[in-house]
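Asker: can you look at this prediction? I've put the sequence above it.
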Amino acid sequence: MRRKQNNAGFSLIEVILSMAILAIISIPLLSYFTESMKYNAKMADKQHATTLAQEVLEDLKNQDVLVADEGTGETIKYLLDHGYTAVSNDMGKTDSAGKFIGGEGVFYGAAGNIGKDYDVVVKAETTPTENTKEIPEVSGIDDTSDLLAVENAQLQEALTHFLAINSAYESNVSARLTSDQIRNKMKRTIGIDIQKDGAYYDVKVSCTYKCEGLRGGGSNDTYESAAYAEERLKEVKHIYLLYNVNQLTDTVDITKGAGVDASLNPEIEIICQNISSVDPAYAITVTGINIPSVATNLGKNGKNGKVHNSSGIPLTNTKDLVENKSQIRKITLQVSVYKKGEGNTAGAEPYITVNAAKGE
């Protein structure tokens, strides 16, 4: 006789065992998905925070003047105007002698105050000015009465001309003069010529180079380069000469035509563009009838050359150019972005910190 099959289903032990196995498998999976969601949310926050940090940093760097004295010491007005508060500020610090040495300022922007989803902390550190240079100030040039004459490539033109003369004369290549040798032989005369034509003045600033010995002893060659400037003016009040020093001597020769009134006395502004490299022994000689007053950046404090008359005596009527100091100081910037409400909490970790520097 057949035994009847027992079809009563799973036992309680089997069900419990199955649930335990399912839990063992599913709990790590649930944990993985939970952690993955947390990680993705954190990375999204970090990405948004990074974008915000870069945005704040660029805004700060784009300010013409970031750190300035607002009457209560140096601060960053841009931040104060955009909802930030100064946590500490030592950016205007000076030493015992009153010399500016700089310091650090910390500015806190609460999310709600600055209209963002995160807190932002900005640190700025100022330093003393560096790379200070005195730059001649040429202001208010009137194109009806002032002439601006600027040296460009005239030296190279003259040098090329003299090299060609020497090469044509000297067939032996090894005996030809080098560029430096010819440059050292060159003498330059800058001519300022004023002529009267009816109610107007024709003013020309030209340049002539001379060089000896290009074709053997006793030879003397001349090259007149392109004019620095040539203008017709209603009046002649100022002539601005911007040039570079390349030799130990230069000459400025001033001539006036027959119709020019002897009382015409424009001021000559002699502005050396490479003043920092001028030899103290350098001299520029000003010659001509009725030498006008001269303003120059040469010869300050007994350095950087001198201005002489035709007798080799330093001119006594020269005056210093009005100069501005170009001062560059570095401002180090640090922007940190925090979770909302944690920017002013000690020990809180920022999502991101970015750094940059700005000169002004």
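Answerer: That came through, no problem. Numbering: from 1, shown residues only.

Asker: hey, which strand is longest across this protein?
Answerer: strand 200-212 (DSSP state E).

Asker: which elements pack onto that strand?
Answerer: Other helices and strands packing on strand 200-212, by 3 or more CB pairs under 8 Å, 6 or more residues apart in numbering; DSSP states H and E, are strand 146-150, helix 154-169, helix 179-185, strand 187-197, strand 220-224, strand 229-233, strand 238-243. To be clear about C-beta, it is placed using only N, CA and C from the backbone, and glycine gets the same treatment.

Asker: 6 Å instead, please
Answerer: Contact partners of strand 200-212 among helices and strands, from 3 or more CB pairs under 6 Å, 6 or more residues apart in numbering; DSSP states H and E: helix 154-169, strand 187-197, strand 220-224, strand 229-233.

Asker: adjacent strands (with direction) for the second one?
Answerer: Translated: strand 187-197. Note on strand 187-197: by DSSP bridges, its sheet partners are strand 200-212 (antiparallel), strand 249-256 (parallel).

Asker: buried residues in that strand?
Answerer: K187, R188, T189, I190, G191, I192, D193, I194, Q195, K196 (16 or more other CB atoms under 10 Å).

Asker: pLDDT added to those residues, as JSON lines?
Answerer: Formatted as JSON lines, the buried residues of strand 187-197 follow (pLDDT from 0 to 100):
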{"residue": "K187", "pLDDT": "94"}
{"residue": "R188", "pLDDT": "95"}
{"residue": "T189", "pLDDT": "95"}
{"residue": "I190", "pLDDT": "95"}
{"residue": "G191", "pLDDT": "94"}
{"residue": "I192", "pLDDT": "94"}
{"residue": "D193", "pLDDT": "94"}
{"residue": "I194", "pLDDT": "94"}
{"residue": "Q195", "pLDDT": "95"}
{"residue": "K196", "pLDDT": "93"}
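
Asker: now tabulate the residues you listed in a markdown table and tack on distance to Q63.
Answerer: Listed next are these as a markdown table, based on distance: CB to CB, whole Å:
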| residue | distance to Q63 |
| --- | --- |
| K187 | 50 |
| R188 | 45 |
| T189 | 48 |
| I190 | 43 |
| G191 | 47 |
| I192 | 44 |
| D193 | 48 |
| I194 | 47 |
| Q195 | 51 |
| K196 | 52 |
